[in-house]
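**Q** return atomic coordinates for the entry below.
(one chain, ligands or ions: 3)
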Amino acid sequence: MDFRVTARRAQPDTADAPLLVLALASGATLTPALSALDAALGGTLGRALERKDFRGARDETLVLPGGAKGAQRVLLVGLGKPATMVGALRRAASVASRQARKIGAPSLAFFAEDQSEGTIEAVAVGLAMGSWEYTTTRSAPPEDERKPALESAQILVSDEASANAAVQRGSAIGGGINLARQLAMLPGNICTPEYLANTAREIASRRGMNVTVLGRTEMKAEKMGSFLAVAQGTPQDPKLIALEYKKGPPGSKPVVLIGKGLCFDSGGISIKPAQGMEHMKFDMCGAAGVLGAMDTIGALGLAINVVGLVGSTTNMPSGEAMNPGDVVQSHLGKFIEIVNTDAEGRLVLADVLSYARRFDPAAVIDAATLTGACVVALGHSASGVFGNDQALIDEVLAAGRSSGDTGWQLPLFDDYKELILTDAADIKNTGGRAAGAISAAMFLKEFAETFPWVHLDIAGTAYSETDLGFIPKGPTGVPVSLFVDFVRGRAH
Ligand code: BES
Ligand code: MN
Ligand code: ZN
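**A** Ligands and ions are numbered 1, 2, ... in the order given. Predicted structure coming up:
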């Protein structure tokens, strides 16, 4: 399904649309633009506000009937008391296009008083997000129950030329977010490491990037003993995927983005309980985030060098699988005792981080659904942020704030190193129950000693087990927009 967003120079009272959306903050009153619309509607808008049928609370919606021409329906969407207009409008726009799909409106017109380039871009992102629906493995409803698809949206603006550039940027970001969500939502028997590799190949040819894919044979030659230990229990070929985007000054050091791509994580021999195990198809959300961000970066044509790396496999129990107590030698050379085979993400990332050295990175950011402990610490509202360079950490936190993919820093004090020490090897892959998100990050830090590095634990933010209103149950697209804002901030 194709969804197109454009900017159009029009006022709400002159827009001709099956659904006119008005984004209103709490306690909003009639501005001149809204008064003209109210007159055209015979006063229903003003009365709805006066009677407090609609108060403008965050995510609140109210549909008002419109005329035969002009605005045929009016959807009010609340912004609440926005902390940032960018975040509030992205959210409201997503609510709006989800609602438009429910109503069965084929197109919508979106109006907000705030029309800076940043907010118009945010509206385009939100509209694209709300238009997304997972349909791949679902039968279409019977003909008579089918609703018209939402095909297009217009953002009503006063300056069309500058707005259109912002709309294009927003659409590119929304496209990357929706690609990530689609990959994440696909079940593990369809979205395999091979499938992710093929998706990377498509992105590479669409956007003019180099792509390299290492399989089990190539990883053996590279001596990636840590990654291969995880892949040992599965017959599927593991994939280390490298996408290289080179639009920066020749020879300038690249930003390297790394994603954990566990297409299914059963826990392996340290098997997980059955309850909720199906969610472990989402254990590739870091990889999906890297692929979505790379697609967007290519679409935006940013002047910068970026490498996207994905470490993909599944974690399975079998007669060939790694066992607790096994010791493996990583790509970097360090010996690792595998104490719990369910702490597999860090084993994969250890070798991908080590592989990243060959790109001589300016900065490395990895994203991984790494620990349940991070969900305990921060819940679903912020990703855990860790790193070995405070300036880079601050830059990532700022990209999180500007993009809406909020992060919160947790410490990597030297004291925590004790948690992962063992007599059997240089380090072990788990540190016990206390500070579980931190000990996982301390483990990764061992493999990121030669470059500025940040780790994002997205276990609580990459997918939602409940409908959030602006996002349905399922993958959220985190951390695509954080990655894109970070890279944009570094582009020349
Ligand atoms: N993929 C999981 C982490 C996870 C948990 C993601 C819940 C999303 C929701 C990871 O591979 C894992 O199993 N981590 C273990 C580590 C433990 C064995 C030290 C965990 O968090 O329990
Ligand atoms: Mn696991
Ligand atoms: Zn995992």
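**Q** and stretch 472-481, is it in reach of ligand 1?
**A** No: using C-beta under 6 Å from any ligand atom, stretch 472-481 never reaches ligand 1; the gap is at least 11.9 Å. To be clear about C-beta, it is placed using only N, CA and C from the backbone, and glycine gets the same treatment.
**Q** only the buried residues of that stretch, if you could.
**A** 472, 474-481 (16 or more other C-beta atoms under 10 Å).
**Q** ok, now stretch 103-118?
**A** Here stretch 103-118 shows 103, 105, 107-112, 114-115, 118 as buried, counting by 16+ other C-beta under 10 Å.
**Q** distance between the ends of it?
**A** Distance across stretch 103-118, first residue to last, is 28 Å (C-alpha to C-alpha, to the nearest Å).
**Q** now the helices for the stretch 101-250 of the chain?
**A** Ranges of helices in the stretch 101-250 of the chain, per DSSP state H, counting those that start in this stretch, are 117-131, 160-185, 193-207, 216-221, 225-231.
**Q** dump these to a markdown table, plus mean pLDDT and distance to ligand 1.
**A** Formatted as a markdown table, the helices of the stretch 101-250 of the chain follow (pLDDT from 0 to 100; distance: least, C-beta to the nearest ligand atom, whole Å):
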| stretch | mean pLDDT | distance to ligand 1 |
| --- | --- | --- |
| helix 117-131 | 98 | 21 |
| helix 160-185 | 97 | 12 |
| helix 193-207 | 99 | 16 |
| helix 216-221 | 98 | 19 |
| helix 225-231 | 99 | 10 |
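**Q** reformat these as TSV; add distance to residue 62.
**A** TSV is the format used below for these (distance: least, C-beta to C-beta, whole Å):
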stretch	distance to residue 62
helix 117-131	17
helix 160-185	25
helix 193-207	40
helix 216-221	56
helix 225-231	51
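**Q** before we move on, the earlier item: now, the buried residues of stretch 472-481 that are in helices?
**A** Secondary structure assignment by DSSP state H places 480-481 of those in helices.
**Q** tell me which of the buried residues of stretch 472-481 is nearest to ligand 3?
**A** When those are compared for distance to ligand 3 (C-beta to the ion), residue 475 comes out closest, at 15.3 Å.
**Q** what's the closest non-adjacent residue to the closest one?
**A** The shortest distance from residue 475 to any non-neighbouring residue, by C-beta to C-beta, 6 or more residues apart in numbering, is to residue 184 (3.6 Å).
**Q** doesn't residue 480 make contact with the one you found?
**A** No: between residue 184 and residue 480 there is no contact under C-beta atoms under 8 Å: 10.7 Å.
**Q** about what we covered before: now the two most distant members of the buried residues of stretch 472-481.
**A** 472 and 479 (18.7 Å; C-beta to C-beta).
**Q** now residue 239: how far from residue 187?
**A** Going from residue 239 to residue 187 by C-beta to C-beta, to the nearest Å gives 18 Å.
**Q** in terms of neighbours, single out the busier of those two.
**A** residue 239 (27 against 13; other C-beta atoms under 10 Å).
**Q** the closest residue to the more buried one other than its chain neighbours: neighbour count?
**A** Using C-beta to C-beta, 6+ apart and skipping residues adjacent in sequence, the residue nearest residue 239 is residue 193, 4.1 Å away. Residue 193 has 27 neighbours, counted by other C-beta under 10 Å.
**Q** switch to numbering from 5
**A** Taking 5 as the first residue, the last one we looked at is residue 197.
**Q** contact partners for residue 197?
**A** Applying C-beta atoms under 8 Å, 6 or more residues apart in numbering to residue 197 gives the contacts 240-243, 265, 267, 316-318.
**Q** show me which pair in the residues you listed is furthest apart.
**A** Pairwise over these, using C-beta to C-beta, the maximum falls at 241 and 265, 12.9 Å.
**Q** the more surrounded of these two?
**A** The neighbour comparison of residue 241 against residue 265 (other C-beta under 10 Å) goes to residue 265, with 33 against 18.
**Q** ok, now how distant is the more buried one from ligand 1?
**A** Using C-beta to the nearest ligand atom, to the nearest Å, residue 265 is found at 11 Å from ligand 1.
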